[in-house]
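S.K.: output the structure for:
(2 chains)
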There are 2 protein chains.
Amino acid sequence: MKDHIVISKATIDRLPLYFRTLRLSQEEGIDIISSEELGQRLGVTPEQIRKDLASFGQFGKKGVGYYVRELIGNIGEILGLHYHWNIAVVGIGHLGSALSNYQNFTSLGFNLVALFDASPEVIGKTVNGVVVESIDRMTEIVRDRNIHIGIIAVPAVYAQGVADKLVSAGVAGIWNFAPIKITVPDKIRIVNEDLSVGLSSLSYHLSRSLHEND
Amino acid sequence: MKDHIVISKATIDRLPLYFRTLRLSQEEGIDIISSEELGQRLGVTPEQIRKDLASFGQFGKKGVGYYVRELIGNIGEILGLHYHWNIAVVGIGHLGSALSNYQNFTSLGFNLVALFDASPEVIGKTVNGVVVESIDRMTEIVRDRNIHIGIIAVPAVYAQGVADKLVSAGVAGIWNFAPIKITVPDKIRIVNEDLSVGLSSLSYHLSRSLHEND
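M.R.: Predicted coordinates:
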């Protein structure tokens, strides 16, 4: 893996998709895959794939294709999936439950090791094999279970408070689903998930189609 | 609004965030906002904001700032939010319930008009004021309630079947949360939501931080 290179956000965003598709191909018994075939499975042009993969190294063989197992290992390493981060979900409502049950996280190598909620009605329940703990026990549990990433799935009004608690408990990264801007120290990595983006993007394209049909 | 211009996906993805932040500013009584202030609220550089907004028209006044109300109207129009699309969620498990209750969709102008599920235990329940209907009634309900967008929140194995049903019922767009590639006719707009992307992106950045500290 090359060091000190800048990879565009768009490329990084496509890598998990490459990773998953390659894993599926591997399960089908495919050892070598061409950029054309990979592109067809992904809905991405072969040119884009070659460009993406060339940006961080030399994979595959011209006229042959990509070695599936090797490429999976390389992409996994670039994405840091080989660290098998321990993750915790905070807020076990509908969204938190959906995230806790999301099979793709496991298949990408993440370990769901803790769930937190503030409601006595939810604490003690089991979701995807993990018992929901009181948010008051966060500090000790984050330390004891070596939790790297906290996922915030609480209502917006509680999100900053939960983020502060996660940071002081020692997580390195936060994935925030609450529709609010959260402030964390510079050393903490944060990714804000905004579900409105997908729907707004669809709205944009639908309205363009209407205009085209005028 | 300029016609026939190409706006980058990254810009389109930032627009809903601009829209929401401007709406919040408006509620706070702010009439004019500088790109610096808007940038601070968004976590985006003022240069990026000026570049994004310049790509589809001339908004704001040099040395003064952007007129909040005007900019909200313009961004809303670019995103097609003024069409107030009717949306339906298919699959009312945890994820479907979370999406049905997501307040941001309403605040962006989308109307949740139908929910569908196949399970007799779920059909008849009310989520966010909307009654869950049997998936067998999809064709008539999509037509009667003029549904433009179908949101797929069913397990991967059912996703293609639901997409086919939505398309033949007459929706114009599909927002797919099932972790599988869905095939639809060219005239149908589809946005695939992949929740692994956010977590993988966080993993990428965390592992880079580890390397930097080596």
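S.K.: right, and the helix or strand after the longest helix that chain A contains?
M.R.: Among the elements of chain A assigned as helix by DSSP state H, the one spanning the most residues is helix A:9-27. Tracing the chain C-terminally past helix A:9-27 and defining elements by DSSP states H and E, one meets strand A:32-33 next.
S.K.: immediately after that next one, which helix or strand?
M.R.: From strand A:32-33 onward toward the C-terminus, using DSSP H and E, the following helix or strand is helix A:35-42.
S.K.: tell me what the strand or helix carrying residue A:106 is packed against?
M.R.: Using DSSP H and E, residue A:106 maps to helix A:103-107. Applying 3 or more C-beta pairs under 8 Å, 6 or more residues apart in numbering or on different chains; DSSP states H and E, one finds that helix A:103-107 makes contact with helix A:9-27, helix B:196-212. All C-beta spots, glycine's among them, are computed from the backbone N, C-alpha and C.
S.K.: any weak-confidence spans in chain A?
M.R.: In the prediction, chain A carries residues with pLDDT under 70 at positions A:1-6, A:213-214.
S.K.: so where do the strands sit in it?
M.R.: Listed in chain order, the strands found in chain A under DSSP state E are A:32-33, A:66-67, A:86-90, A:111-117, A:126-127, A:130-134, A:149-152, A:173-176, A:189-192.
S.K.: how is chain A divided into domains?
M.R.: Listed by automatic domain parsing, the domain ranges of chain A are A:9-81, A:84-197.
S.K.: any chance of these in TSV, with mean neighbour count too?
M.R.: Conversion of these to TSV gives the following (neighbours: other C-beta atoms under 10 Å in any protein chain shown):
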stretch	mean neighbour count
domain A:9-81	17
domain A:84-197	19
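S.K.: could you dump these to TSV with distance to residue B:114?
M.R.: As requested, these are arranged in TSV below (distance: least, C-beta to C-beta, whole Å):
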stretch	distance to residue B:114
domain A:9-81	28
domain A:84-197	18
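S.K.: out of those domains, flag the one nearest residue B:43.
M.R.: With respect to residue B:43, and counting by C-beta to C-beta, the nearest of the domains of chain A is domain A:84-197 at 6.5 Å.
S.K.: mind checking the end-to-end distance for the closest one?
M.R.: Length of domain A:84-197, first residue to last, C-alpha to C-alpha, to the nearest Å: 28 Å.
S.K.: cool, stretch A:51-67 as well?
M.R.: Across stretch A:51-67, the straight-line distance between its terminal residues is 17 Å, by C-alpha to C-alpha.
S.K.: that one vs chain B: in contact?
M.R.: No. Against chain B, stretch A:51-67 shows no contacts by C-beta under 8 Å from any C-beta of the partner chain, the least distance being 11.0 Å.
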